[in-house]
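[1] build the 3D model from these lines:
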Amino acid sequence: MAVLLFHFSPALLSGSVKPLEHTHSLMYTYTAFSKSVGLPGFYTFTAMGLLDDIIIDYYDSKSQKKVPKQDCMNKALPQPYWVEGTKARQAKQKWFKRNIKIMMARMKQNSSDIHVLQWRHGCEAEKQPGNSSLQFTRGIDMYSYDGKDFISFDATNKVWVASSVVAEQTKRKWDNEELIHYTISYLQNNCIQWLSAFVKCRKKQLVQAAPPKVLMFAKNSKVKKNVVLTCLATGFLPKYIELKIKNEGRVLNGADRVVSTGPLPNGDDTFQRRDDIEIFRDDLATYTCEVSHSESNLHINSTWGKFDCFFATLISIGTAA
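    Sure, this is the predicted structure:
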């Protein structure tokens, strides 16, 4: 049994534009299996909402209930919201169950294997200068089946794009004026309205932004003549942060072999980011790490001490205890 999850095209997920400091996103992901996976924590159907990559609500086929995952969501939204949300998720669960059977029949697949149908949709918006309003920048509405892109919505050309021959039948059915109008309206209007409301809700919860803790160190590379310099910022919130590695004041990038994880969740609602660069051990240039987190008004510009690289050298030749 091989199950592939969330294999959505990187180009559609991340785009070619680097996220801005004041960009926010609201995404919903739905995952349905053709039958029980038989593994702990895996249900035949799950759905969750994510605000800036943080889970804000959750539903699965076992609990059959949409629940808040953030305190502000629980306090700000009335009980009818969760009741109606539960009904909507239950209806979507039935839709997914029905359409997995359609997909299996269309592809002439038997029921002995496990198949998975996934849907990801939502919007991104940018905070406008001088006020707190959000301006729509991008919408996402895409499906995958068995870990491969199936069909996605192209808002620019107002058409559904089939990623395989099998998806052409779905495209012909969905390329109608009513569905296209509804999809565009949801992504550009309804989604942005909910995003704005959720961002305000979360800001009330975050009375004070959490500043990052910055750690800088050197370690051995797989290549004996090299050493890896690491700048790690962790524990910050919200997730937008600037981290730059500099050589004699010049900002280095991917062309200089800087490798960055980008913002990653820590598991406690805070984030971390780690940037590395591999240099020669005998490189005498001055390397610095600059970290800026505007929400907490933190700005650090520190230099790797020669002792860091020297200690890594001692370890590599077996001098250190």
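
[2] low-scoring stretches of the stretch 151-300 of the chain, by residue?
    Flagging of the stretch 151-300 of the chain using pLDDT under 70 yields the residue ranges 204-209.

[3] can you check the stretch 1-150 of the chain too?
    For the stretch 1-150 of the chain, the ranges with pLDDT under 70 are 1-21.

[4] show me the helices in it, by range?
    10-14, 71-76, 79-106 (DSSP state H, counting those that start in this stretch).

[5] try the stretch 201-321 of the chain
    Using DSSP H, counting those that start in this stretch, the helices of the stretch 201-321 of the chain run over residues 306-316.

[6] distance of the most centrally placed residue in the chain relative to residue 89?
    With distances taken as C-alpha atoms, centre = their mean, residue 53 lies nearest the centre of the chain, 4.9 Å away. According to C-beta to C-beta, to the nearest Å, residue 53 stands 21 Å off from residue 89. (Glycine included, C-beta is placed from N, CA and C.)

[7] hey, what's the residue lying closest to the residue nearest to the centre of the chain once chain neighbours are set aside bridged with?
    Excluding the flanking residues, the one nearest residue 53 by C-beta to C-beta, 6 or more residues apart in numbering is residue 265, at 6.3 Å. Under DSSP bridges, the beta-bridge partners of residue 265 are residue 271.

[8] contacts only, for residue 265.
    Taking C-beta atoms under 8 Å, 6 or more residues apart in numbering, we find residue 265 in contact with 53, 54, 239, 271.

[9] the third one is in contact with residue 52, isn't it?
    Yes. Residue 239 is in contact with residue 52 according to C-beta atoms under 8 Å; the separation is 6.3 Å.

[10] nearest residue to residue 200 in space, please, no chain neighbours.
    Take residue 200 and drop its neighbours on the chain: the residue closest to it by C-beta to C-beta, 6+ apart is residue 132, 7.6 Å away.

[11] for that neighbour, grab phi and psi.
    phi -100, psi 10 (degrees, to the nearest 10).

[12] try residue 63
    Backbone dihedrals for residue 63, given as degrees, to the nearest 10, come out at phi -80, psi -30.

[13] who are the contact partners of it?
    So residue 63 contacts nothing (C-beta under 8 Å, 6+ apart).

[14] how does it look with 10 Å?
    Residue 63 is in contact with 43, 46, 86, counting by C-beta atoms under 10 Å, 6 or more residues apart in numbering.

[15] can you count the residues close to the first one?
    Going back to what we said before, that points to residue 43. Neighbours of residue 43 under the rule other C-beta atoms under 10 Å: 17.

[16] same check on the second one?
    Other residues near residue 46 come to 21 when the count uses other C-beta under 10 Å.

[17] which residues pair with it across the strands?
    Bridge pairing for residue 46 - DSSP bridges - gives residue 31, residue 60.

[18] who's in contact with it?
    Residue 46 makes contact with 29-33, 58-63, 89, 93, 118 under the criterion C-beta under 10 Å, 6+ apart.

[19] in JSON lines: those residues, plus distance to residue 244.
    Putting the contacts of residue 46 into JSON lines (distance: C-beta to C-beta, whole Å) gives the following:
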{"residue": "29", "distance to residue 244": "32"}
{"residue": "30", "distance to residue 244": "38"}
{"residue": "31", "distance to residue 244": "37"}
{"residue": "32", "distance to residue 244": "42"}
{"residue": "33", "distance to residue 244": "43"}
{"residue": "58", "distance to residue 244": "36"}
{"residue": "59", "distance to residue 244": "40"}
{"residue": "60", "distance to residue 244": "41"}
{"residue": "61", "distance to residue 244": "45"}
{"residue": "62", "distance to residue 244": "46"}
{"residue": "63", "distance to residue 244": "44"}
{"residue": "89", "distance to residue 244": "43"}
{"residue": "93", "distance to residue 244": "46"}
{"residue": "118", "distance to residue 244": "36"}
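
[20] what's the closest of those to residue 226?
    residue 29 (39.9 Å; C-beta to C-beta).

[21] partners of the nearest residue to the closest one once chain neighbours are set aside in the sheet?
    Leaving aside its sequence neighbours, residue 29 sits nearest to residue 120 (C-beta to C-beta, 6+ apart; 5.1 Å). For residue 120, the beta-bridge partners under DSSP bridges are residue 29, residue 142.
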